[in-house]
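A.B. asks: 3D model of this:
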Amino acid sequence: MSRPADDEAALREVALGYPEAYEEFPWGHRAIKVRKRIFVTLGSEEGLSLSLKLPKSRHEALLLPFTEPTHYGMGKHGWVTARFGPHEKPPLAILSAWIGESYRAIAPKKLVEALDGGSAPGAAQPKRARKRKKAGRRASP
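C.D. replies: The predicted model follows:
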């Protein structure tokens, strides 16, 4: 049987594995942040709960019986909350993938590019150097 505190510890480890991730405890809940912005909150008081931003998989995630739009108006901005009772086994692989999606949605582009080896989908490509004309030379007609 899974214990909520053990599941929270496992997901905390996943979240803190991302570049520049750190934790704080506003409102008495564990918040994992990157550059002062929360990308996941975790709690295990009466079972496991977590909230994260899912811009790509939000609609599919909300079809699952353990999810709902995050309260306080956050749901309309792509935030989803997942809750599990004290005797339920959360799908840690799915939740870990969601943590990655949330990190990528919140973290600065440069951190995401570095994380993905410079090949993040939609990442800005380096600008090509312009050829400089040599002084005093003109192109012939």
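A.B. asks: Buried residues of the lowest-mean-pLDDT helix or strand in the chain, list them for me.
C.D. replies: Among the helical and strand segments of the chain, the one scoring lowest on mean pLDDT, DSSP states H and E is helix 109-115, with a mean of 91. The neighbour-count check on helix 109-115 (16 or more other C-beta atoms under 10 Å) flags Leu111, Val112 as buried. C-beta: built from backbone N, CA, C; applies to glycine.
A.B. asks: And for stretch 49-64?
C.D. replies: For stretch 49-64, by 16+ other C-beta under 10 Å, it's Ser49, Leu50, Ser51, Leu52, Lys53, Leu54, Arg58, Ala61.
A.B. asks: Could I get the full set of strands for this structure?
C.D. replies: Under the criterion DSSP state E, the chain carries strands at the ranges 21-24, 30-34, 37-43, 48-53, 67-69, 79-84.
A.B. asks: For Ala15, find the nearest of those.
C.D. replies: strand 30-34 (4.1 Å; C-beta to C-beta).
A.B. asks: so that closest one versus strand 48-53, what angle?
C.D. replies: Strand 30-34 runs at 30 degrees relative to strand 48-53, counting by axes from the mean of the first three to the mean of the last three C-alpha atoms, to 10 degrees.
A.B. asks: can you offset everything so residue one is 15?
C.D. replies: Sure, I'll start numbering at 15, so the last one becomes strand 44-48.
A.B. asks: For the nearest residue to Glu38 once chain neighbours are set aside, give its distance to Ile108.
C.D. replies: With C-beta to C-beta, 6 or more residues apart in numbering as the criterion, Glu38 has its nearest non-adjacent residue at 5.3 Å, and that residue is Ala45. According to C-beta to C-beta, to the nearest Å, Ala45 stands 21 Å off from Ile108.
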